[in-house]
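Trainee: no letters, just coordinates:
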């Protein structure tokens, strides 16, 4: 399964330094998930030649404008394109009222079903499931209601060892092996032992998105050992007091979470406008967690098996 992340926006508060506000697009085969939708997101999607009709799910972390002010414009464009299939939006409860008011004021009756699912829970909760993956949400600490997201592939099937595959094996026996079970004779003895005729499943990949949040070790169990962690890094270490006051994190604090959670790679974003060049954030984080990378708009990050 294709599992890749496209960065659409990575700046905080306002567009600045040729950086747009927060938005990411996660592709899982034919499924597209939009994560946050800052102002200008649909322009970024157009620049990346992303067909809006392929987006079926939108995750909004919280209701600060730099994370959702682009949403009504995107929905309006989908309507103008005569979209027919359902769009599901997951977000804190008040967003539903906001969208209803905006659509009512413009006397817009959407050409497609818009389903809204409120996020209003503690701990880690599965909010959406497909055949190949599941989406979970968990609370962050940001002054207002705010959620992070964990997207994980579902457990995969065992793989048939083609070099040992008998010519006369039946399809139902192959299905049995793929499900992780040996094929047995009627007397209960093994006909095709699982570990001899099949290979273990490939590891399930995972991505965790932590938008705006103060340093909070309570999220560590939720993002533990993920393949890729995005954690906001609004400030450098010298602005640690400012970060705490505004419910944001420093690059070193993001790296601390990554190290304690044992993740494979860390992505930084949500840069303060005071940093025209965000490279000092990476320098600080790498002192603690080597596998730290800056996000760059327009880049695509592939999670390999």
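Mentor: Looks like it arrived, so ask away. Source: prediction; values computed, not measured.
Trainee: list the contacts of residue 1.
Mentor: Taking CB atoms under 8 Å, 6 or more residues apart in numbering, we find residue 1 in contact with 28-29, 132-133, 153. Placement of C-beta: from N, CA and C, glycine included.
Trainee: all strands of the stretch 101-250 of the chain, in order?
Mentor: For the stretch 101-250 of the chain, the strands defined by DSSP state E, counting those that start in this stretch occupy 114-118, 125-129, 133-139, 147-153, 159-160, 183-184, 190-192, 198-199, 206-210, 228-232.
Trainee: need those strands in CSV with mean pLDDT, mean neighbour count and distance to residue 51, can you?
Mentor: What follows is the strands of the stretch 101-250 of the chain, written out as CSV (pLDDT from 0 to 100; neighbours: other CB atoms under 10 Å; distance: least, CB to CB, whole Å):
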stretch, mean pLDDT, mean neighbour count, distance to residue 51
strand 114-118, 98, 15, 18
strand 125-129, 98, 15, 21
strand 133-139, 98, 21, 20
strand 147-153, 98, 24, 21
strand 159-160, 92, 14, 32
strand 183-184, 91, 16, 43
strand 190-192, 90, 16, 44
strand 198-199, 91, 19, 36
strand 206-210, 98, 26, 22
strand 228-232, 98, 28, 24
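Trainee: what would the ones you listed look like in JSON lines with distance to residue 55?
Mentor: Below are those laid out as JSON lines (distance: least, CB to CB, whole Å):
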{"stretch": "strand 114-118", "distance to residue 55": "12"}
{"stretch": "strand 125-129", "distance to residue 55": "14"}
{"stretch": "strand 133-139", "distance to residue 55": "14"}
{"stretch": "strand 147-153", "distance to residue 55": "15"}
{"stretch": "strand 159-160", "distance to residue 55": "31"}
{"stretch": "strand 183-184", "distance to residue 55": "42"}
{"stretch": "strand 190-192", "distance to residue 55": "43"}
{"stretch": "strand 198-199", "distance to residue 55": "35"}
{"stretch": "strand 206-210", "distance to residue 55": "16"}
{"stretch": "strand 228-232", "distance to residue 55": "19"}
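Trainee: pLDDT at the residue in the chain sticking out farthest from the centre, what is it?
Mentor: In the chain, the greatest distance from the average C-alpha position (CA atoms, centre = their mean) is reached by residue 187, at 48.3 Å. On the pLDDT scale, residue 187 is placed at 90.
Trainee: of all pairs in the contacts of residue 1, which one spans the longest distance?
Mentor: Longest distance between any two of the contacts of residue 1 is 10.5 Å, between 29 and 153; criterion CB to CB.
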